[in-house]
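K.L.:
Kindly generate the corresponding structure for this input.
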Amino acid sequence: MILIKGGEFQMGARPMHAEEGPPRAIKVGDFWMDETEVTNGDFARFIKATGYVTEAERPLDPKAYPGVTGEDLEPSAIVFVGSAENVEAGPGAWWRVVRGANWRHPQGPDSSIDGLDHLPVVQIGWEDAMAYAKWLGRDLPTEAEWEYAAQGGKPATRFVWGDAPLNEANPQANVWQGTFPGFDSGGDGYKAQVAPVGCFPVNGLGLHDMAGNVWEWTRDWYRPNLDPKDPNGGPTGDLSMDPGDPGVRKHVIKGGSFLCAPNYCFRYRPAAREPGPTDTGESHIGFRTVLRLKG
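P.N.:
Next up is the predicted model:
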C-alpha cells in the first residue's frame, strides 16, 4: 500500500460531463491505498480463507427481480462481447448477460483465470469488494479519496499523467485505442482486454492504473452531480439516484477501463465518474482498498 497524505483539493476540477461537477473544495484525511488494483491472486486467497461466494455465483432472488423466472435466475454476470456496430447501436450491442460468468470465469463458463493471478479481479459486485476489504480490516475509498489519490499530489490535470492526450506510441494507460466499439488497435499491448496490474507508469503518488484497465468501486452511492446543495443530496449519504435508471441502487465507480475511448466513454480521467449497479458483476469493474489513519 502507498501512504497518501491528506489535504484539500478541487474535486471535479476538470469536468467534461454534467455529472462530474460542479467543482468544489474537499478535504480528506491521511490514508493508505493499494498500489494496484486487487488481483485474481489476492481475491483467491480471500476466498480460500473465508469460503465467500460472490454475487455473480449466487442465483438471483426472485423477490428482488419480480417477473424474472427460470434460467434467467441462474448465476450470471455481464460480459463485453464486442461489436461491429457503431456507438449509435447502444450498449446492448456489445454487452451480454452470461450465465456462469463470475470472477473465476470472467468471460463465461469456458473461460478461466488459471495462471492469471497478476490480472485485476473482475466480475466483482460492490458487496463482494466490501467483503474483501473488511476481511483485511480495510474499506473501499470514498469517491473523494479516490479522486484525490488519482490527481497524484499535484494540481488537477485532465489526466493522471498531465494535460497531454494519450501517447499512442507509448501509452500511459490501458484504454481503447481506436473507434469504439468496433476497432481497438491494441497499441498498448492489450487489445480489448485487461492488462496485468502495475505494467503502466505510476502517478505522482506511486499508484498504478488510476486511469484505465478496470473501473474501480468506491464506497459512495451515486448521485447525478457533486453539488452538496442539490435537492438529491450531492455525492455522499446513504441514498442513490441515477436519472437514467431510476429505482436501481448504484455506487460510484472511478477511473475508466480498457473499454474507454475518446469517441465514446472518455472517462479515464480523475474527475470522471459513473454509476455502477451495486449487485452486478461486470467484466471491466474491479477495485482497490484503503486503510484510513485515525486522528
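
K.L.:
how about the helices of this structure, start to end?
P.N.:
For the chain, the helices defined by DSSP state H occupy 40-50, 126-135, 143-150.

K.L.:
Tell me which of these sits most buried.
P.N.:
helix 143-150 (a mean of 26; mean count of other C-beta atoms under 10 Å). Where C-beta positions appear, they are placed from N, C-alpha and C, glycine not excepted.

K.L.:
partners of E216 in the sheet?
P.N.:
Judged by DSSP bridges, the bridge partners of E216 are K254, G286.

K.L.:
about what we covered before: in JSON lines: the helices of the chain, plus mean pLDDT and distance to F200.
P.N.:
Conversion of those to JSON lines gives the following (pLDDT from 0 to 100; distance: least, C-beta to C-beta, whole Å):
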{"stretch": "helix 40-50", "mean pLDDT": "98", "distance to F200": "18"}
{"stretch": "helix 126-135", "mean pLDDT": "98", "distance to F200": "22"}
{"stretch": "helix 143-150", "mean pLDDT": "96", "distance to F200": "14"}
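
K.L.:
who wins for proximity to G206 among those?
P.N.:
When those are compared by C-beta to C-beta, helix 143-150 sits nearest G206, at 10.0 Å.

K.L.:
name the helices or strands packed onto that closest one?
P.N.:
strand 2-4, strand 7-11, strand 24-28, strand 31-33, strand 215-221, strand 250-254 (3 or more C-beta pairs under 8 Å, 6 or more residues apart in numbering; DSSP states H and E).

K.L.:
Endpoints of stretch 14-23, how far apart?
P.N.:
Here the two ends of stretch 14-23 are set 8 Å apart, with distance taken as C-alpha to C-alpha, to the nearest Å.

K.L.:
What are the buried residues along it?
P.N.:
Using 16 or more other C-beta atoms under 10 Å as the test for burial, stretch 14-23 gives 14-15, 19-21, 23.

K.L.:
Stretch 259-274 too?
P.N.:
Neighbour-count burial for stretch 259-274 [16+ other C-beta under 10 Å]: 259-261, 265-274.

K.L.:
want to try a markdown table for the helices and strands packed on helix 143-150, with mean neighbour count and distance to H284 as columns?
P.N.:
Listed next are the helices and strands packed on helix 143-150 as a markdown table, based on neighbours: other C-beta atoms under 10 Å; distance: least, C-beta to C-beta, whole Å:
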| stretch | mean neighbour count | distance to H284 |
| --- | --- | --- |
| strand 2-4 | 17 | 24 |
| strand 7-11 | 17 | 24 |
| strand 24-28 | 15 | 26 |
| strand 31-33 | 20 | 21 |
| strand 215-221 | 25 | 6 |
| strand 250-254 | 25 | 9 |
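
K.L.:
Kindly reformat those as TSV containing distance to Y52.
P.N.:
Output for the helices and strands packed on helix 143-150, formatted as TSV (distance: least, C-beta to C-beta, whole Å):
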stretch	distance to Y52
strand 2-4	26
strand 7-11	33
strand 24-28	29
strand 31-33	23
strand 215-221	16
strand 250-254	19
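
K.L.:
For G108, find the nearest of those strands.
P.N.:
Judged by C-beta to C-beta, the one of these that comes nearest to G108 is strand 215-221, at 19.7 Å.

K.L.:
Can you name every helix or strand that the closest one contacts?
P.N.:
If contacts are counted by 3+ C-beta pairs under 8 Å, 6+ apart, strand 215-221 sits against helix 126-135, helix 143-150, strand 250-254, strand 274-277, strand 285-286.

K.L.:
Check which helices and strands the shortest one sits against.
P.N.:
With contacts defined as 3+ C-beta pairs under 8 Å, 6+ apart, strand 285-286 has these neighbours: strand 215-221.

K.L.:
and G204, which of the helices and strands packed on helix 143-150 is closest to it?
P.N.:
Using C-beta to C-beta, the nearest of those to G204 is strand 2-4, at 10.8 Å.

K.L.:
So which residues make contact with that closest one?
P.N.:
30-35, 145, 148-149, 205-207 (C-beta atoms under 8 Å, 6 or more residues apart in numbering).

K.L.:
Likewise for stretch 164-173?
P.N.:
159-161, 175, 177, 187-188, 200-201, 209, 211-213, 268.

K.L.:
Can you name the two of the residues you listed that sit furthest apart?
P.N.:
That would be V160 and G187, which, of these, are the farthest apart (C-beta to C-beta) at 18.7 Å.

K.L.:
Between these two, point out the one with more neighbours.
P.N.:
Shown here are V160 and G187; by other C-beta atoms under 10 Å, V160 has more neighbours (27 against 15).
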